[in-house]
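> Quick check, what structure comes out for this input:
(2 chains)
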2 protein chains.
Amino acid sequence: MVPGGPLSRGYTGRMTPGERVRIYEVGPRDGLQNEVRPIATADKARFVGLLADAGLREIEATSFVSPKAVPQLADAEELLRTLERRPGVRYPVLVPNERGLARAEAAGAEAMAIFTAASDAFARANIGMTVDESIERSRPVVARARELGWWTRGYVSTAFGCPYTGRVAPERVVEVALRLAELGVDEVALGDTIGVGVPAQVADLVGLLAVAGLAVERLAFHFHDTRGTALANVVAGLHAGVRCFDASTGGTGGCPYAPGAAGNLATEDLVYLLDGLGHEHGVRLEGVLAAARFVAVVLGRPLASKVGQAGGWDPATGRAVGRE
Amino acid sequence: MVPGGPLSRGYTGRMTPGERVRIYEVGPRDGLQNEVRPIATADKARFVGLLADAGLREIEATSFVSPKAVPQLADAEELLRTLERRPGVRYPVLVPNERGLARAEAAGAEAMAIFTAASDAFARANIGMTVDESIERSRPVVARARELGWWTRGYVSTAFGCPYTGRVAPERVVEVALRLAELGVDEVALGDTIGVGVPAQVADLVGLLAVAGLAVERLAFHFHDTRGTALANVVAGLHAGVRCFDASTGGTGGCPYAPGAAGNLATEDLVYLLDGLGHEHGVRLEGVLAAARFVAVVLGRPLASKVGQAGGWDPATGRAVGRE
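This is a model prediction of the structure:
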């Protein structure tokens, strides 16, 4: 059967099959940042290279937060220098403040992401300040990045729930997202940091944001698969017209508040779904699986992703593909 | 936020939040049948009891296929005798043929499921006959079960793809489903045996079956989470008006053709999703997690399910719940 045939109106909503979806790869930064054992810069550069080989065109490469806070990414300058940058590929870096921006600029960055949260309790625990304070801290950072002509993104963590205070009102998420948009970021990414969201909430958030005037084209979702709902949430996002989803090749990274649990949605799982639904995205599953196997070897543990374990599937033969 | 608020029209389709969904538990049968190490009948009975404690009202308890084919369930008679049956709980058993039905009847069964596949290659490999032959074999079984006043179900395996021949045409699935319906089964369950389906296919299948005259009320889906798409497929089924989904507590069982990969959708993952979407189902997540922990101890390996690892979530406090 051809997925997305005439009877599948029910699932496609505002997005028609074939329409292009952006996959924003967060593996090298979000996926690796909490790894305790040091990873060689050359391995990180190789990982980023394999991701570009797979067809990924937005790869969040590293972070310019304090090396004390995230020692694993203390080699941000060296990585950016080492990286073989490909034409047409964007390599955003995470930037916490003006000092981080200066470091990123000196290292040759051309795209960046700033971050805040929808929950003050989480912001305090994670970055030692309130949501308001973190937004004000980002104001001059975004302004300077725009002067430099950089592409910019703003993350809103805990957009579906906070590990300290529970449910987060969608009105609060909308308020924070709008404030980031007003700073001038090109894109706002809503993060389900602890992986508690369900599709109805995705639909509600996009609807409220549209009412508030934030165009769906400026929205991205960053889902965690902690409770198995990530792909269902992606489909709800597709329904609602969202065109960008974050994922981490190999399923690395995620939330330290749920030990043993899955974190980031795996890029290979997302690619499998989008392929099945017939959405163009430009990424080859077998290339992603090659990069996932590489990172599994570097980390010394088996892949946590579903498609990493089962492989893709060749409908012409019935056989799993991309497993080795 | 209240999931399913006024802005969530996009996801609910024909099924409104609050509408009741049936969870058909397959753990004791499908979940355990391929376990090599013998499990004590008393442990199986205890597992079924914990599932009923959790609020499950349809629990596929065991199988009357040949003990040579499935040695793990050779104690079907003893289990049915041992089982403390609760009022209002249905305990279907798998029945391959008239001999199996006679055994099930003698053991006191009152509900049963017969099975075939949408792919001849799979049927031959799995049960040694064609799809047509297996349907004809089931004809007198269903007729006799109906005489006895039993509730009956028919499974269609490989409804989304076959491990030997690949893609299965939805028209073929519709044909086989209609033939089972014409035998007189109360419910037809479409199985994604190797876990390759995506939401568009779910929508297509339900649409084609409706065109062919099979009421959505007689349909159930049996998804595997092999590639992470099971909950997305459930949401597509909800969209399309389907009211019954299979799941296996602890995420046990699945397809032997994908070693190491996840199989059956875990009941705890399904319950988490349905709770979040606001659908009534009568099952308590903490009860399911208790049964899941019991089966993990019996099998001697950790839980494979997402919610089994991460726990549920209390939106009032932000804390994970049901982990121990």
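
> Wait, A:Ala76 touches A:Pro96, no?
No: between A:Ala76 and A:Pro96 there is no contact under C-beta atoms under 8 Å: 11.6 Å. No exception for glycine: its C-beta is placed from N, CA and C like everyone else's.

> joint contacts of those two?
Common neighbours of A:Ala76 and A:Pro96, counting by C-beta atoms under 8 Å, 6 or more residues apart in numbering or on different chains, are A:Phe64.

> What pLDDT is listed against the residue of the stretch 51-200 of chain A found nearest chain B?
The stretch 51-200 of chain A approaches chain B most closely through A:Val198 (3.3 Å), counting by C-beta to the nearest C-beta. Predicted confidence (pLDDT) for A:Val198: 97.

> can you count the residues close to it?
Neighbour count for A:Val198, taken as other C-beta atoms under 10 Å in any protein chain shown: 27.

> and the gap between it and B:Asp275?
Distance of A:Val198 to B:Asp275, given as C-beta to C-beta, to the nearest Å: 8 Å.

> and the stretch 101-250 of chain A, which residues reach chain B?
A:161-167, A:169-170, A:194-204, A:207-208, A:225-232, A:234-236, A:239-240 (C-beta under 8 Å from any C-beta of the partner chain).

> Out of the residues you listed, which end up buried?
A:161-163, A:165-167, A:170, A:194-204, A:207-208, A:225-232, A:234-236, A:239-240 (16 or more other C-beta atoms under 10 Å in any protein chain shown).

> now the residue most central in space within chain A, which residues is it bridged with?
Nearest to the mean C-alpha position of chain A, by C-alpha atoms, centre = their mean, lies A:Asp246 at 2.9 Å. On the basis of DSSP bridges, A:Asp246 is bridged to A:Tyr24.

> circling back to that earlier point, what sits against the residue nearest to the residue of the stretch 51-200 of chain A closest to chain B when sequence neighbours are not counted?
Sequence neighbours aside, B:Gly276 is the residue nearest to A:Val198 in space, at 3.3 Å (criterion: C-beta to C-beta, 6 or more residues apart in numbering or on different chains). Contacts for B:Gly276 were tallied using C-beta under 8 Å, 6+ apart; they are A:196-198, A:200-201, A:229, B:3.

> can you give me the mean pLDDT across the strand or helix carrying B:Gly276?
Using DSSP states H and E, B:Gly276 sits in helix B:267-277. In this model, helix B:267-277 has a mean pLDDT of 97.

> mind checking how far that helix is from the chain centre?
Counting by C-alpha atoms, centre = their mean, to the nearest Å, helix B:267-277 is centred 15 Å from the centre of its parent chain.

> contact partners of the next helix or strand after it?
Downstream of helix B:267-277, the next assigned helix or strand under DSSP H and E is helix B:285-299. Here helix B:285-299 makes contact (C-beta under 8 Å, 6+ apart) with B:27, B:31, B:35, B:39, B:43, B:46-47, B:50-51, B:53-56, B:249-252, B:266-268, B:271-272, B:275, B:302-303, B:305, B:307-308, B:311-312, B:321-324.

> Is it possible to mark the buried ones in these?
Buried subset of the contacts of helix B:285-299 (neighbour count, 16+ other C-beta under 10 Å): B:27, B:31, B:39, B:43, B:46-47, B:50-51, B:54-56, B:249-252, B:266-268, B:271-272, B:275, B:303, B:305, B:307-308, B:311-312, B:322-323.

> Identify the residue nearest A:Leu208 in space, chain neighbours excluded?
Nearest non-adjacent residue to A:Leu208, counting by C-beta to C-beta, 6+ apart: A:Val174, 5.0 Å away.

> Can you list the buried residues in the host helix or strand of the one you found?
Using DSSP H and E, the element containing A:Val174 is helix A:170-183. Neighbour counts using 16+ other C-beta under 10 Å place A:170, A:172-174, A:176-177, A:179-181, A:183 of helix A:170-183 among the buried residues.

> Stretch A:57-68 now?
A:57-65.

> Need these in a markdown table (columns: pLDDT, secondary structure and distance to B:Ala113).
Below are those laid out as a markdown table (pLDDT from 0 to 100; DSSP: H, G, I helix; E, B strand; the rest coil; distance: C-beta to C-beta, whole Å):
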| residue | pLDDT | secondary structure | distance to B:Ala113 |
| --- | --- | --- | --- |
| A:Arg57 | 98 | coil | 48 |
| A:Glu58 | 98 | strand | 47 |
| A:Ile59 | 98 | strand | 48 |
| A:Glu60 | 98 | coil | 48 |
| A:Ala61 | 98 | coil | 52 |
| A:Thr62 | 98 | strand | 54 |
| A:Ser63 | 98 | strand | 53 |
| A:Phe64 | 98 | coil | 58 |
| A:Val65 | 96 | coil | 55 |
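
> Check whether the nearest residue to A:Ala74 once chain neighbours are set aside sits in a helix, strand or coil.
Spatial nearest neighbour of A:Ala74, chain neighbours left out: A:Pro67 (3.5 Å); criterion: C-beta to C-beta, 6+ apart. Assigned by DSSP: H, G, I helix; E, B strand; the rest coil, the conformation of A:Pro67 is coil.

> Averaging pLDDT per element, find the lowest-scoring helix or strand in chain A.
Every helix and strand of chain A was ranked by mean pLDDT, DSSP states H and E. The lowest is helix A:9-12, at a mean of 37.

> picking up where we left off before, compare A:Ala76 and A:Pro96 and say which is more crowded by neighbours.
Neighbour comparison, A:Ala76 and A:Pro96: the larger count goes to A:Ala76, with 25 against 20 (by other C-beta under 10 Å).

> Tell me the bridge partners for the closest residue to the more buried one other than its chain neighbours.
The shortest distance from A:Ala76 to any non-neighbouring residue, by C-beta to C-beta, 6+ apart, is to A:Thr62 (4.3 Å). With DSSP bridges as the criterion, A:Thr62 is bridged to A:Val93.

> Now render the contacts of B:Gly276 as CSV, adding distance to B:Ser119 and secondary structure.
Supplementary listing: those in CSV, determined by distance: C-beta to C-beta, whole Å; DSSP: H, G, I helix; E, B strand; the rest coil:
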residue, distance to B:Ser119, secondary structure
A:Val196, 38, coil
A:Gly197, 36, coil
A:Val198, 33, coil
A:Ala200, 35, helix
A:Gln201, 38, helix
A:Thr229, 30, coil
B:Pro3, 38, coil
